[in-house]
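1. Okay, predicted coordinates and the sequence, questions at the end:
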Amino acid sequence: METAATSGAKAAVVLPPDHPQRFLLNDEVHARPPERIVAPARVSFLALVTPPAKRAEAWAVLRQAALGAGAPPPDDSADHYSADFGAYRVKAERHTEFIRLKIIVSGLGEGGQAHPFAEPAIEAARAHWVAQMPGALLWATHAAILPSGKWPPDPAALAADLAGADSLIGGTIAGGAGAAFTDLRIREDGFSRLLIVDHGMTPGQIGRALQRLVEMDTYRMLALLAFPIARARMPELNAIEQELASVTAALVNAREEDDPGLLERLTKLAAQIENRHSETQFRFAAAASYYDLVKRRVQELREDRLSGLQTFGEFMQRRLSPAMRTCRAVTDRQEALSARVARATELLSTRVEIFSEKQSHALLDSMNRRAQLQLRLQETVEGLSVAAITYYVVSLVGHAVEGLEAEGLHVNPTIAMAAAIPIVALSAAYAVRRVRRSVGGDK
């Protein structure tokens, strides 16, 4: 009988077993949240190209810095780390090719109101451990986040903190809730400068805007890693095209004895193209992906034009797009050359195959003629054999009849020999044919 306690209790729903990667995949969308930043603030950003073998070493440096500041150390298996180091905050991310590092300090420091870059975040934080991070520095930026005064901002008034008015780019962002300006120039300290003006953005919006801007610069530089390779490949592709044109021109009037040499030249060209393609395929494919990310980050800024300034989108379109088109052109040329060499090789291989078939046909004709001659010779030999056998057997018959005649049997040897000739000849011919069929496998 069911009791009150059991009737009031509900049985827990038992779920099927979890997929091994269920929680990992779900948490991926939360892996790199933007920092919440309140103006005024300073940020120093660094992007280091780090080989996969150095990823653990970078996390070890970060762990020592965290322990020295009394902060929780990063998890070895994590690719994202964010912690408060007391006087500053640190955010680090490990990616496939690079490590991204942010040092965030609240306020502008002494003299910051007069010059927002007087004491950058990395100097205010005394983050000397950054020098121990492995990898090669690809991009570094000092960012200053200021509350708005005059709105919209006057680019001429901001140019003194960044660069000359002719090299300044930027505009309003976040639908007019803020503005961003930079000149993308590397100064003597190794950093560029980025100025963000807050005109009503939430801390989350400021963090997202900063992240999009620094990601845009990082991906721009990573995409441009393919550009020097593309320029270096241009002369090589020109030489390959000239050699291919020379081979295809020679194919027009080539003789059969020239085909092996031409095929060897085409094989070398194909190997050369495939080698170059394998060397550059990853870099060019990565450049295309990074370029797509740059364009996406520009769209996410939701920027509007300020009079007299290029927007981030216009600058990237005019300065980055030509380099990416060059990389794409080199990729297309490599693929086109590979296809052309393959077609020329196929054509030449067809010529060689046809020539080989002609030789085989001629050899078969020669063998057929030889077999016919052997057959005729065999038939001649068979006829001579039948005649010889008939002669000797008929002679033996004649001697036998002569012996019988000497014993008193009245038989004419000449008539007996004449009568024996057709019988012996037919028998010999039949016997020779039987022997030939048994040797040849016929029944």
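-> Arrived safely, thanks for sending.
2. And H410, how far from A131?
-> 139 Å (C-beta to C-beta, to the nearest Å). All C-beta atoms are positioned from the backbone trio N, CA, C, and that covers glycine.
3. And A60, by the same measure?
-> From A60 to A131 the distance is 14 Å (C-beta to C-beta).
4. quick one, which of these two is more surrounded?
-> More neighbours surround A60 than the other of A60 and A131, with 16 against 7 (other C-beta atoms under 10 Å).
5. In contact with that one, which residues?
-> Not one residue lies near A60 by C-beta atoms under 8 Å, 6 or more residues apart in numbering.
6. List the buried residues of the regular element (helix or strand) spanning it.
-> Counting by DSSP states H and E, the element that carries A60 is helix 55-68. Applying a neighbour-count criterion of 16 or more other C-beta atoms under 10 Å, one finds 55, 58-63, 65-66 buried in helix 55-68.
7. same check, this time on stretch 234-250
-> Those would be 237, 240, 243-244, 247-248, for stretch 234-250 by 16+ other C-beta under 10 Å.
8. Just say helix, strand or coil for Q211.
-> What DSSP: H, G, I helix; E, B strand; the rest coil gives for Q211 is helix.
9. P33 is in contact with that one, correct?
-> No. The pair Q211 / P33 is not scored as a contact, 9.3 Å apart, by C-beta atoms under 8 Å.
10. Looking at these two, which one has more neighbours?
-> Q211 (21 against 14).
11. Roughly how far does the closest residue to that one other than its chain neighbours sit from M201?
-> Excluding the flanking residues, the one nearest Q211 by C-beta to C-beta, 6 or more residues apart in numbering is P34, at 4.5 Å. As defined by C-beta to C-beta, P34 lies at a distance of 12 Å from M201.
12. likewise S366?
-> The gap separating S366 from M201 is 91 Å, by C-beta to C-beta.
13. okay, these two: which has more neighbours?
-> Each of S366 and M201 has its neighbours counted (other C-beta under 10 Å); M201 has more, 24 against 10.
14. List the contacts of F23.
-> So F23 contacts nothing (C-beta under 8 Å, 6+ apart).
15. care to break this protein down by domain?
-> Domain assignment for the chain by automatic domain parsing gives 31-207, 226-362, 377-440.
16. can you put those in JSON lines and add mean pLDDT and distance to P20?
-> Shown next, in JSON lines, are the domains of the chain (pLDDT from 0 to 100; distance: least, C-beta to C-beta, whole Å):
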{"stretch": "domain 31-207", "mean pLDDT": "87", "distance to P20": "15"}
{"stretch": "domain 226-362", "mean pLDDT": "85", "distance to P20": "28"}
{"stretch": "domain 377-440", "mean pLDDT": "74", "distance to P20": "71"}
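17. Just say which of those is most tucked in.
-> domain 31-207 (a mean of 18; mean count of other C-beta atoms under 10 Å).
18. M324 reaches S289, doesn't it?
-> No. M324 lies out of contact with S289 (C-beta under 8 Å); the separation is 11.1 Å.
19. Just the ones of the buried residues of stretch 234-250 in helices?
-> 237, 240, 243-244, 247-248 (DSSP state H).
20. Who are the contact partners of V247?
-> 262, 265-266, 269, 344.
21. ah, wrong one, I meant T50
-> Taking C-beta under 8 Å, 6+ apart, one finds 58, 94, 97-99, 134-136 in contact with T50.
22. give me phi/psi at it?
-> T50 adopts backbone torsions of phi -130, psi 120, taken as degrees, to the nearest 10.
23. Need the residues that contact stretch 167-178.
-> Residues outside stretch 167-178 that contact it (C-beta under 8 Å, 6+ apart): 148, 152, 155, 158-159, 162, 179-185, 195-201, 205-206, 209, 301-306, 309-312, 314-315.
24. Among these, which ones are in strands?
-> 179-182, 195-198 (DSSP state E).
25. so how far is G403 from D198?
-> Taking C-beta to C-beta, one finds D198 at 143 Å from G403.
26. Packing partners of the top helix by length along the chain?
-> Across the chain, the longest stretch assigned as helix under DSSP H is helix 321-406. Under the contact criterion of 3 or more C-beta pairs under 8 Å, 6 or more residues apart in numbering; DSSP states H and E, helix 321-406 touches helix 203-224, helix 226-252, helix 259-301, helix 413-440.
27. can you put the ones you listed in CSV and add distance to A371?
-> Formatted as CSV, the helices and strands packed on helix 321-406 follow (distance: least, C-beta to C-beta, whole Å):
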stretch, distance to A371
helix 203-224, 71
helix 226-252, 38
helix 259-301, 31
helix 413-440, 13
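28. who wins for proximity to G86 among those helices?
-> helix 203-224 (19.7 Å; C-beta to C-beta).
29. how big is the angle separating the closest one from strand 178-182?
-> 30 degrees (axes from the mean of the first three to the mean of the last three C-alpha atoms, to 10 degrees).
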